[in-house]
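Visitor: Model the structure of this input:
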Amino acid sequence: MAKIGNTIATLLVGAAVGVVAGYVLATDKETRREDLEKVKKGINGLKGKFAKKAHDMEEEIYHS
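Guide: Numbers count the residues shown, from 1 in each chain. As a prediction, the model looks like this:
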C-alpha cells in the first residue's frame, strides 16, 4: 500500500515540475515576473490567514 502512495506522490510531483517547466518556457520574462508577484501576494495572504487562525485557536485553548 505504501508503494502505491509513493508512486502517486512521485507522479504528482513530476507533473507539477512539468507544468512549471512548460510555463517557464512558454511565457516571456515580464509575464513570469507579474505572475510571480501575484503568487507572492497570495502566499502572504494565506500566511496571514493561517497566523490569525493559529492565534485564535491559541486564545480559545487558553481561555476555555
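Visitor: Ala54 and Gly48, how far apart?
Guide: Distance, Ala54 to Gly48, using CB to CB, to the nearest Å: 11 Å. Any C-beta I mention is one placed from the backbone N, CA and C, and that applies to glycine too.
Visitor: quick one: average pLDDT of the longest helix along the chain?
Guide: For the chain, the helix with the greatest residue count under DSSP state H is helix 29-62. Per-region confidence: helix 29-62 scores 86 on mean pLDDT.
Visitor: now swap in stretch 13-25 and tell me
Guide: Mean predicted confidence for stretch 13-25 is 86.
Visitor: Now do it: everything it contacts.
Guide: The contact list for stretch 13-25, computed with CB atoms under 8 Å, 6 or more residues apart in numbering, reads Arg32.
Visitor: if we go to 6 Å?
Guide: The contact list for stretch 13-25 (CB atoms under 6 Å, 6 or more residues apart in numbering) is empty.
Visitor: mind listing what's buried in that stretch?
Guide: Across stretch 13-25, burial judged by 16 or more other CB atoms under 10 Å covers no residue at all.
Visitor: shift numbering so it begins at 163
Guide: Right, with 163 as the first residue, what we last looked at is stretch 175-187.
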